[in-house]
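need coordinates for the following:
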Amino acid sequence: MKLLKSGLLLSLNLAFLSGLYAQEPSKPSYENKVFIKDGKYYVQKSLPVYLSFSTSPNGESHPLKSNQHASDANPMYLDTEGVNYIRSKWAVDPATGKAVVPQREVLMEMYADGLSPITRMTFSGAPRYRSGGITYFGKGLSFSLSARDGVSGVLETQYALNGAFTKYANSVNIGKEGANTLYYYSADNVGNAENTKSSDFTLDLTAPVSSHSILGIVYNSTILAPSTKFSLSTNDNLAGVRNVKYSFDASNDRSYSPNITMSGLSDGEHTLYYYGTDNVSNVATKKSFKFYLDKIAPVVSSKVVGDQFKRNYLYVSSRTKINLSATDNKAGVKQIYQRIDGSKSNYTGDFSVPNVLGLHYIKYNAVDNVENTASNKTLTVYVDNKAPQTGIIYGSPQFFHRDTLFITSQTAVKLRYSDAHSGIKSTSYKIDNGSSTPYSKFTIPGEGNHGITFNSVDNVNNTEADKSSRVFVDNTAPTIYINFSIEPIGKKDGLNIYPNYVRMYVGATDKHVGTEKVMYSIDDAPLALYSSPRTLDISELDRFKTIKKYKVRIVSTDKLNNQSEKIVEFYVGEK
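Predicted structure coming up:
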């Protein structure tokens, strides 16, 4: 293009282009225009260019036309993005009016700018997670926009975050939780505006919410059994749960997997801690649950109440009761169980052992309120429901006649007792209406009829029914009778005098048991049996022929050996 030497002033008319985008906020309109910076002309490329010239700076302007290509030059359009040139073939020296040597073109630059800026958006400061076509961000999210333009440069960058467009200056913090849409674009200095870009994302600022549930045995809300487990439930409203951690007491965190057992925990108080983290690193505050792990079974014991005696077995009576008791360290006793000779039942109070003679086995245990079960214990008892047997034995002397037993006060009385099971505890007796006396060998001192009542008690207090025995105590010796065959013929020294042919007759009677024998002795000779079938007695012999003083001793014994004695002194001779 050839230009006049006098100088050329170009004026540019710029056309306006704007567009609206559905489902986005309205953005400002931008006029297509010329932008001059540092002596350079930047023209929106779609604008027509009309050329004119003047021969002086303020002179009349004349339109410049092309006769050869009128349709292309009036107006003309810049064809090349970026620099375009209006040319004069050879430069002329203003002073000489001649071509500059060496020759060079005269180039007048114009810059065509038909391209919009390109804006880049960057999120930063927050964790990012994408799932199901949705992008999630956590706390601290901001975005920054950077734009570049290849020709006229960026005029401005605009953004709209859930509202109207705002001019962008610096990075922007995002604080609205939930779904967000960010719109943004840039415009250059000649009116080229970038198509609006957008980014859909969800901001998740809330940590997950966790809760626990107890699976299994629990008592009074906080006392747990060894078999009990924990289940954790965690929900997140947006990004979703990444993981759940838990720990007991001061231990390290562990990743949760259903279900949490009590393995490794000791009996006693513990605390479960747990919390959740979502996929954009929102971490929940730890929750805690204090509980008592009861791993100890009840301690159960038995007590025998009433009659009992320990020997080779523990002997009891039918009156004996069994008391069971149990204590528990924490949850408390739920139930005591008893099993008597194999028959199981709940313990409700003191009970009796079956009233069957012999051994019985009582097993018992207890369970607490979290199902800790004590080991079985066994109590073995021997039921003695038989009373002892007691008999009476009379020693000597004794005599039985006509349904009556006769004894003396010297006769020893013994009681014979026996018990085949728990053994004899005591034996007692009483005579007539006297008081009961613990047994030891005894006699009955009083003369006459007597009743003896006696019984025994075994070591579990089985008491024999009273037994009785009657006996007659005879302590009276026979009465001795002496008769002479003739009356005395005189007296001497106060004694009777009998003739030398006198004979003596002896007899004895006993009131109760009868006379057993009569013995006699003359003048201190040995006693001889009176009226023996082997000898002649005193009444049959002439024993008193000699004239002198005689002394005759008579001894009579009854059938209980009660003995009486009589001495007779007299003279034989002449008066």
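
let's test this: name the helix or strand in this structure with the lowest mean pLDDT.
None of the helices or strands of the chain scores lower by mean pLDDT, DSSP states H and E than strand 11-12, at a mean of 33.

who touches the helix or strand that it is followed by?
Remark: after strand 11-12, the chain's next helix or strand is strand 34-37, criterion DSSP states H and E. By C-beta atoms under 8 Å, 6 or more residues apart in numbering, the list of residues contacting strand 34-37 from outside reads 12, 14, 41-44, 47, 113, 152-153, 189-190. For every residue, glycine as well, the C-beta is placed using N, CA and C.

okay, and the beta partners of Ser343?
Bridge pairing for Ser343 (DSSP bridges) gives the partners Ile340.

can you give me the helices in the stretch 51-200 of the chain?
Along the stretch 51-200 of the chain, counting by DSSP state H, counting those that start in this stretch, helices occupy 70-73.

show me the contacts for Ser213.
Residues in contact with Ser213 (C-beta under 8 Å, 6+ apart) are 230-231, 233.

restricted to buried residues, select these in ChimeraX.
A single ChimeraX command is used to select the members of the contacts of Ser213 judged buried by 16 or more other C-beta atoms under 10 Å:
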select :230
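
secondary structure and pLDDT added to the contacts of Ser213, as TSV?
Shown next, in TSV, are the contacts of Ser213 (DSSP: H, G, I helix; E, B strand; the rest coil; pLDDT from 0 to 100):
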residue	secondary structure	pLDDT
Phe230	strand	98
Ser231	strand	97
Ser233	strand	95
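
now flag whichever of the contacts of Ser213 is closest to Tyr292.
Nearest to Tyr292 out of these is Phe230 (C-beta to C-beta; 14.2 Å).

what is the neighbour count of the nearest residue to the closest one once chain neighbours are set aside?
Leaving aside its sequence neighbours, Phe230 sits nearest to Ile260 (C-beta to C-beta, 6 or more residues apart in numbering; 4.0 Å). For Ile260, the neighbour count with other C-beta atoms under 10 Å is 19.

over to Ser409?
Ser409 has 13 neighbours, counted by other C-beta under 10 Å.

tell me who's in contact with Val383.
Taking C-beta under 8 Å, 6+ apart, we find Val383 in contact with 315-318, 353-360.

and it, how far is that from Lys491?
As judged by C-beta to C-beta, to the nearest Å, Val383 and Lys491 stand 85 Å apart.

kindly report the same for Ala73.
Taking C-beta to C-beta, one finds Ala73 at 219 Å from Lys491.

just Ile86 next, same as before
Ile86 is 215 Å from Lys491, by C-beta to C-beta.

which one of the two is surrounded by more residues?
A count of neighbours by other C-beta under 10 Å puts Ile86 above the other of Ile86 and Lys491, at 18 against 12.

for the stretch 51-200 of the chain, give me the ranges with low pLDDT.
Filtered on pLDDT under 70, the stretch 51-200 of the chain yields no residues whatsoever.

ok, now the stretch 451-575 of the chain?
532-540.

and the strands in it?
Applying DSSP state E, counting those that start in this stretch to the stretch 451-575 of the chain gives strands spanning 467-473, 479-484, 490-492, 495-498, 504-509, 515-522, 528-529, 548-558, 563-572.

now swap in the stretch 151-300 of the chain and tell me
Using DSSP E, counting those that start in this stretch, the strands of the stretch 151-300 of the chain run over residues 154-161, 166-167, 172-173, 178-188, 197-203, 209-215, 218-219, 223-224, 229-235, 241-248, 254-255, 268-278, 287-293, 299-305.

list just the nearest of the contacts of strand 34-37 to Val457.
Nearest to Val457 among the contacts of strand 34-37 is Gly153, at 126.5 Å by C-beta to C-beta.

for the closest one, which non-adjacent residue is closest in space?
Asn189 (5.3 Å).

pretty sure the one you found is in contact with Ser152, am I right?
Yes - using C-beta atoms under 8 Å, Asn189 is in contact with Ser152, at 4.1 Å.

compare those two (neighbour count), which wins?
With neighbours defined as other C-beta under 10 Å, Asn189 and Ser152 compare such that Ser152 has more, 26 against 22.

now do the same contact list for the more buried one.
Counting by C-beta under 8 Å, 6+ apart, Ser152 has contacts 35, 37, 42, 111, 113, 188-190, 192.

out of those, who's the most crowded?
Ranked by the number of neighbours (other C-beta under 10 Å), those place Val190 first, at 29 neighbours.

do I have it right that that one meets Tyr41?
No - with contacts counted by C-beta under 8 Å, Val190 stays clear of Tyr41, the gap being 9.9 Å.

about what we covered before: shared neighbours, Asn189 and Ser152?
35, 37, 42, 113.

okay, these in a markdown table with distance to Tyr481 next?
As requested, those are arranged in a markdown table below (distance: C-beta to C-beta, whole Å):
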| residue | distance to Tyr481 |
| --- | --- |
| Phe35 | 185 |
| Lys37 | 185 |
| Tyr42 | 186 |
| Asp113 | 183 |
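
which of these sit farthest apart?
Lys37 and Asp113 (11.6 Å).

now do the shared contacts for those two.
152, 189.

ok, now which ones touch Val413?
By C-beta under 8 Å, 6+ apart, Val413 lies in contact with 392-395, 407, 441-444, 452.

so which of the residues you listed wins on neighbours?
Neighbour counts for these (other C-beta under 10 Å) peak at Ile407, which has 25 neighbours.

does that residue really touch Phe442, like I thought?
No - in this structure, Ile407 is not within contact of Phe442 by C-beta under 8 Å, at 11.9 Å.

rewinding a little: pretty sure the residue nearest to Phe230 sits against Val244.
No - when contacts are counted by C-beta under 8 Å, Ile260 is not listed as touching Val244 (10.4 Å).

anything in contact with each of these two?
Residues touching both Ile260 and Val244 by C-beta under 8 Å, 6+ apart: Leu232.

Val244 against Ser210, yeah?
Yes - if you go by C-beta under 8 Å, Val244 and Ser210 touch, sitting 6.4 Å apart.

what is in contact with the two at once?
Common contacts of Val244 and Ser210 (C-beta under 8 Å, 6+ apart): 232, 234, 274-276.

pull the most distant pair out of those residues.
Maximum pairwise distance in the shared contacts of Val244 and Ser210, criterion C-beta to C-beta, is 9.6 Å, between Leu232 and Tyr275.

what is in contact with those two at once?
Shared between the contact lists of Leu232 and Tyr275 (criterion: C-beta under 8 Å, 6+ apart) are residues 210, 244, 246.

turn these into a markdown table, including neighbour count, distance to Asp523 and pLDDT.
Converted to a markdown table, the shared contacts of Leu232 and Tyr275 look like this (neighbours: other C-beta atoms under 10 Å; distance: C-beta to C-beta, whole Å; pLDDT from 0 to 100):
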| residue | neighbour count | distance to Asp523 | pLDDT |
| --- | --- | --- | --- |
| Ser210 | 22 | 133 | 96 |
| Val244 | 20 | 133 | 97 |
| Tyr246 | 22 | 127 | 98 |
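
can you put these in TSV and add distance to Asn173?
TSV is the format used below for the shared contacts of Leu232 and Tyr275 (distance: C-beta to C-beta, whole Å):
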residue	distance to Asn173
Ser210	29
Val244	30
Tyr246	34
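
show me where the stretch 351-500 of the chain has helices.
Under DSSP H, counting those that start in this stretch, the stretch 351-500 of the chain gives no helices.

next, count neighbours for the spatially closest residue to Ser131 that is not a sequence neighbour.
Distances taken as C-beta to C-beta, 6+ apart put Gly240 closest to Ser131, at 6.6 Å, once the chain neighbours are dropped. The burial count assigned to Gly240 is 17, neighbours taken as other C-beta under 10 Å.

understood, closing this out.
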